[in-house]
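[1] after the sequence you'll find the predicted model.
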Amino acid sequence: MKRKYAYFPGCSAKGTCRELDISTHAVASLFDIALEELENPGCTGAREFRAVSEQLHLTANGRILALAERIGCDLVAVCDTCLLNLTETNRRLKTDAAAREAVNRALAGERLTFRGEREVKHFLWVLTEDLGERALEERLVRPLRGLRVAPFYGCHLQRPATVYGGERSEETPALDRLCRLLGAETVPYEGADKCCGFHVLGTAEEIAVRMSGRHLTKAKDNGAQCIVTPCPLCHTVFDAYQPSIEQEFHGAFGVPVLHVSQLVGLACGLSAAEVALSRHVVGCDGILAHIGVGGP
Amino acid sequence: MSPSSRQTTEPGTVRVRLYRFDPETDREPRYDTYDVPHRPRMRIIDVLDHIHDIEAVDFAYRWFCGTKKCGTCAVNVNGSPKLACWEEAECEMTIEPLKNLPLLRDLVTSRDPFEEALATLAPMIARKESYEGFPEPLSAKDMAGGDHLRDCIQCLACQSACPVLQQPGSGFAGPALLVQLSDLAQDPRDHADRARLADEVAQVFKCVSCYECERVCPTGIPIVSEAIEPLKRLVYGKGAVGARRTRAFVEVVKARGYADAARIALKTNGVSLKALRVALRLGRRGKLGLGSVLGDRSAPAAEAIRKAYQSHEDAE
């Protein structure tokens, strides 16, 4: 049975992290998953709409949820912060009639309605929960044998408990489990479930750089050959700002940072080009050589 | 958690690695190990009491009420801040003082920096009119904004868990102070310039939104959504400088229908050598196009998106 989802890539996957969008589509087609991309979805507002008004936050996210309902599928996000905004809004609008009515009034001009019929999922969960470990194992053609991977979860995949409750508190092992299933070794390090600092990158870069540099140092000290993350915002700090981290910490890291879909894609036989590995600031040649794939 | 569920030591025993350090006499901290006989429903504080009474009478720790009211007994247990009087003992515990506060001795940290910082935030209701006496004409609805914030017992667990406070010289006040400030800011009787205090003194926009504070809060306060974000909205509403990135973000999304990272960065911080270096670095890998910064790359439905988003201004 072909699985179908409404797909919201988010502004990062369409902008600075297009390799995430490319590799997500590539992996989806490997597993016969149809991702129908929302047309002109706008933005979930990162942490900014919520700092302007609750109504703006709920309207922007309610609009995206209504677009997914129009397609008639559960909604898939590939960014932790988008996931949180959408999950939180979905829950709120399902239970708060006044908020739902206010949002639907704002969407009436576009003939959109939020009805509360669908769920929001991260693409990681589509792979690990909907598809399941067995289906992944069956497609494993290039086990990442001996590759030492440091998983980095990002805050908004697991916190706050008011949104995810206890049900995602086991999330920390999930990405670890996926990496091991792909044949990689996971590197335990302090910081895997901590914050990368992305949301102050634009105004207090030094805070983000120091925070993420600490995690990177611990991962590298414990032998990580790469970091893997389900969030393009964490990716941006660790990859695009790794030269700034190196400057601040007076050392060379050279730790590649992969999106979850890229790691899955490589293990399932996709080429470096198919998962768009050339679009990283930190080169991935070392890990490609390790797993025996030609460079991008 | 029942101690038996993660038992690696002798059954019926709680093994504690206890942080010991007296800055006045010791050159560096050490960890002493104690095996404490386990009792049913044993709390962390009971373990500390046992060590103090039986094993190490000179060991310093602090508690007062023992019933989750006074907020003085928070310590780090296996890396995470916990109220010693309220959490069950685990079979293996490394117990350390709270982080991000000056150490006095062993598990006791100084609350002075917190109290001093609180004093800079005008921590009392600043009335425009004189107080008419009790009862005041207030409804539950008037006071609803800070409702959960008044559950704060000032245990400072959130300050210990905050990753921004771990950065020396960040200037950020931290969650515990923002909870106090936000409670006052949302009080209808208060007329102090809370936006200025939130922006310039507490630097609320340095919050990274990691929710670590909420994770460790023993009274379950939704600190980010009910204390920090209302303060951010206040600062944004006054057009203050701390909200400049939020302003740029909203303007760009309304104009283009999506969040264009380069355009937002340019609008937030202007042009600098540092920004150009980052732009070049990203441009080389196809992560940034010059066209998106200079040209008009609006999404086809930008107008519809703008209209929907505009409703929040009409609503308020």
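    Cool, got the structure.
[2] just how off-centre is stretch B:184-193 within its chain?
    21 Å (C-alpha atoms, centre = their mean, to the nearest Å).
[3] mind listing what's buried in that stretch?
    For stretch B:184-193, the buried set under the neighbour-count rule, 16 or more other C-beta atoms under 10 Å in any protein chain shown, comprises B:184, B:185, B:186, B:187, B:189, B:190, B:192. Placement of C-beta: from N, CA and C, glycine included.
[4] just name the closest of the residues you listed to residue A:247, please.
    The shortest distance between residue A:247 and any of the buried residues of stretch B:184-193, using C-beta to C-beta, involves residue B:185 and amounts to 38.2 Å.
[5] any buried residues in stretch B:65-84, and which?
    Applying 16+ other C-beta under 10 Å to stretch B:65-84 flags B:66, B:70-77, B:81-84 as buried.
[6] in helices, which of the residues you listed appear?
    Among the buried residues of stretch B:65-84, no member is found in helices (DSSP state H).
[7] among these, name the ones in strands.
    Of the positions in these, B:74, B:75, B:76, B:77, B:81, B:82, B:83 sit in strands, assigned by DSSP state E.
[8] tell me the one among those residues nearest to chain A.
    The closest of those to chain A turns out to be residue B:76 (C-beta to the nearest C-beta; 13.1 Å).
[9] so what's the gap between the lowest-mean-pLDDT helix or strand in chain A and the chain middle?
    When the helices and strands of chain A are scored by mean pLDDT, DSSP states H and E, helix A:171-181 comes last with a mean of 85. Relative to the chain's own centre, helix A:171-181 is displaced by 14 Å; criterion: C-alpha atoms, centre = their mean.
[10] is any part of it close to chain B?
    No. Counting by C-beta under 8 Å from any C-beta of the partner chain, chain B is not contacted by helix A:171-181; separation bottoms out at 12.3 Å.
[11] what's the next secondary structure element after that helix?
    Beyond helix A:171-181 in the direction of the C-terminus, DSSP states H and E gives the next helix or strand as strand A:185-186.
[12] quick check: buried residues in the next helix or strand after that following strand?
    Toward the C-terminus, strand A:185-186 is succeeded by helix A:205-221 as the next helix or strand (DSSP H and E). Of the residues in helix A:205-221, those scored as buried under the neighbour-count criterion (16+ other C-beta under 10 Å) are A:205, A:207-220.
[13] now, which of those lie close to chain B?
    When the buried residues of helix A:205-221 are checked against chain B using C-beta under 8 Å from any C-beta, the ones in range are A:207, A:208, A:210, A:211.
[14] pLDDT wise, what is the second one at?
    Residue A:208 is assigned a predicted lDDT (pLDDT) of 98.
[15] cool, and residue B:267?
    Per-residue pLDDT puts residue B:267 at 91.
[16] where does it fall, phi/psi-wise?
    With angles defined as degrees, to the nearest 10, residue B:267 sits at phi -70, psi -30.
[17] so it sits right up against residue B:250, yeah?
    No. Shown here, residue B:267 and residue B:250 do not form a contact pair, counting by C-beta atoms under 8 Å, at 10.3 Å.
[18] look up which helix or strand residue B:26 falls in, please.
    For residue B:26, there is no helix or strand it lies in under DSSP H and E.
[19] contacts only, for it.
    residue B:20 (C-beta atoms under 8 Å, 6 or more residues apart in numbering or on different chains).
[20] does residue A:275 touch residue A:24 like I think?
    No. Using C-beta under 8 Å, residue A:275 is not in contact with residue A:24, being 9.5 Å away.
[21] list the residues that contact both of these two?
    Shared between the contact lists of residue A:275 and residue A:24 (criterion: C-beta under 8 Å, 6+ apart) are residues residue A:261.
[22] quick one on the thing from earlier: what comes up buried for the least confident helix or strand of chain A?
    By neighbour count with 16+ other C-beta under 10 Å, helix A:171-181 contains the buried residues A:171, A:174, A:175, A:176, A:178, A:179, A:181.
[23] what's the closest of those residues to chain B?
    When the buried residues of helix A:171-181 are compared for distance to chain B (C-beta to the nearest C-beta), residue A:171 comes out closest, at 12.8 Å.
[24] just want to know which of residue B:267 and residue B:250 has more residues nearby.
    Looking at residue B:267 and residue B:250 with other C-beta atoms under 10 Å in any protein chain shown, you find the greater number of neighbours at residue B:250, namely 24 against 19.
[25] any idea what residue A:4 is bridged to?
    Note on residue A:4: beta-bridge partners by DSSP bridges are residue A:34.
[26] domain map for chain A?
    Chain A resolves into domains spanning A:3-122, A:140-291 when parsed by automatic domain parsing.
[27] OK, now which residue of the stretch 1-150 of chain B is nearest to chain A?
    residue B:79 (7.8 Å).
[28] what's near enough to touch that residue?
    For residue B:79, the set of contacting residues under the criterion of C-beta under 8 Å, 6+ apart consists of A:190, B:94.
[29] touching, residue A:123 and residue A:259? I think so.
    No. In this structure, residue A:123 is not within contact of residue A:259 by C-beta under 8 Å, at 9.4 Å.
[30] joint contacts of these two?
    A:24, A:78, A:230.
[31] where do the helices of chain A begin and end?
    Under DSSP H, chain A gives helices at A:10-14, A:18-30, A:54-71, A:80-95, A:97-107, A:123-125, A:133-138, A:161-164, A:171-181, A:205-221, A:232-235, A:242-249, A:260-267, A:285-291.
[32] which of those has the lowest mean pLDDT?
    Least confidently modelled of these is helix A:171-181, at a mean of 85 by mean pLDDT.
[33] now that helix against helix A:260-267, angle please.
    Here the directions of helix A:171-181 and helix A:260-267 differ by 20 degrees (axes from the mean of the first three to the mean of the last three C-alpha atoms, to 10 degrees).
[34] and which of the buried residues of stretch B:184-193 is nearest to residue A:6?
    residue B:186 (37.0 Å).
[35] so what's that closest one up against?
    Under the criterion of C-beta under 8 Å, 6+ apart, the contact list for residue B:186 reads B:145, B:146, B:149, B:230.
[36] hmm, the second one is touching residue B:187, no?
    Yes. Residue B:146 is in contact with residue B:187 according to C-beta under 8 Å; the separation is 6.3 Å.
[37] list the residues that are in contact with both of these two.
    Shared contacts of residue B:146 and residue B:187, defined by C-beta under 8 Å, 6+ apart, are absent.
[38] for the stretch 151-296 of chain A, which residues are neighbours of chain B?
    With C-beta under 8 Å from any C-beta as the criterion, the stretch 151-296 of chain A comes near chain B at residues A:155-156, A:159-162, A:190, A:194-195, A:197-200, A:202-204, A:206-208, A:210-211, A:240-241, A:243-244, A:278-281.
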